[in-house]
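Colleague: quick one, structure for this:
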Amino acid sequence: MASAAADGVATPTADHLTCLKHRERSCTKSAFVIFMLEHMERIGCPVDVEKHIVCEPCPKHMPINGVFDAGRNEIVLCENNLISERTTADVITHELIHAYDKCRGKVDFSNPDHLACSEIRAANLSGDCFMGKEFFNRFNFNLKGGQQKCVRRRAARSIMAVTKGSIDEANASIDKVWDICYNDTEPFDEVPW
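Modeller: Coordinates of the predicted model:
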């Protein structure tokens, strides 16, 4: 976040300043982020961007771009891992879906099945699994059922990062809640493309 200057006053790092710039642009220019911010307000959970979406360094051994801290009602953007404004907007959208789930009272993140449901929804609705990203960025050429495979893969990865559990445990929770959660597109009318 900051480095100590000779006079004892913290100086923001280049990563921190870049993250703040990307956060600001994402919250004012990204259609998906704006949509989610508006819908958070509609259900009674307005987001104060300065307070609820923060930039912090994340441990180097954790290959994540962001996390929703439900206890602090805060989205933490990993300033040292975000590589672009587009990535920042995608992360904010993904984490806002978790915040939305908490706000509407449908998730207890300590319950593995609730966590799985929110991770399925976030992967499905945030753009994580848009065909263009899968095809051009990850070289996954699954045209038939590709969205579902991607959502399952990304949800399992997120669950394991949060719980430190196994792939089998993550997949078991995903399987239990799949039909309901994959088809729950709120606040969108359908899965956005």
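Colleague: could you use CA atoms for every contact and neighbour count after this?
Modeller: Will do.
Colleague: OK, contacts around the residue nearest to residue 156 when sequence neighbours are not counted?
Modeller: Take residue 156 and drop its neighbours on the chain: the residue closest to it by C-alpha to C-alpha, 6 or more residues apart in numbering is residue 170, 5.3 Å away. Residue 170 makes contacts with 116, 156, 159, 160, as judged by C-alpha atoms under 8 Å, 6 or more residues apart in numbering.
Colleague: what of residue 25?
Modeller: residue 85.
Colleague: tell me which residues of the strand or helix carrying residue 88 are tucked away?
Modeller: Residue 88 is located in helix 85-103, with elements delineated by DSSP states H and E. Under the neighbour-count criterion of 16 or more other C-alpha atoms under 10 Å, helix 85-103 has 85, 87-103 buried.
Colleague: quick one: name whatever helix or strand follows it.
Modeller: Next helix or strand after helix 85-103 toward the C-terminus (DSSP H and E): helix 112-125.
Colleague: sketch out the low-pLDDT regions of the chain for me.
Modeller: Applying pLDDT under 70 to the chain picks out residues 1-9, 131-145.
Colleague: do a quick rundown of the helices in it.
Modeller: In the chain, the helices defined using DSSP state H lie at 14-29, 31-42, 49-52, 85-103, 112-125, 131-132, 146-163, 167-182.
Colleague: tell me what the third one is packed against?
Modeller: Translated: helix 49-52. Packing partners of helix 49-52 (3 or more C-alpha pairs under 8 Å, 6 or more residues apart in numbering; DSSP states H and E): strand 74-78.
Colleague: give me the contacts around the strand it packs on.
Modeller: By C-alpha under 8 Å, 6+ apart, strand 74-78 touches 19, 51-58, 64-69, 88, 91-92, 95-96.
Colleague: is it true that residue 156 touches residue 174?
Modeller: Yes - the pair residue 156 / residue 174 is scored as a contact, 7.4 Å apart, by C-alpha atoms under 8 Å.
Colleague: now the common contact residues for those two.
Modeller: Looking at what touches both residue 156 and residue 174 (by C-alpha under 8 Å, 6+ apart), the common residues are residue 116.
Colleague: hmm, back to that, mind putting the contacts of residue 170 in TSV, neighbour count included?
Modeller: TSV is the format used below for these (neighbours: other C-alpha atoms under 10 Å):
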residue	neighbour count
116	28
156	25
159	26
160	17
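Colleague: quick one: which of these is nearest to residue 36?
Modeller: Nearest to residue 36 among the contacts of residue 170, counting by C-alpha to C-alpha, is residue 116 at 20.2 Å.
Colleague: the closest one against residue 177, yeah?
Modeller: Yes - with contact defined as C-alpha under 8 Å, residue 116 counts as touching residue 177 (7.3 Å).
Colleague: can I get the helices of the chain in CSV with distance to residue 74?
Modeller: Converted to CSV, the helices of the chain look like this (distance: least, C-alpha to C-alpha, whole Å):
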stretch, distance to residue 74
helix 14-29, 13
helix 31-42, 13
helix 49-52, 4
helix 85-103, 8
helix 112-125, 16
helix 131-132, 29
helix 146-163, 16
helix 167-182, 23
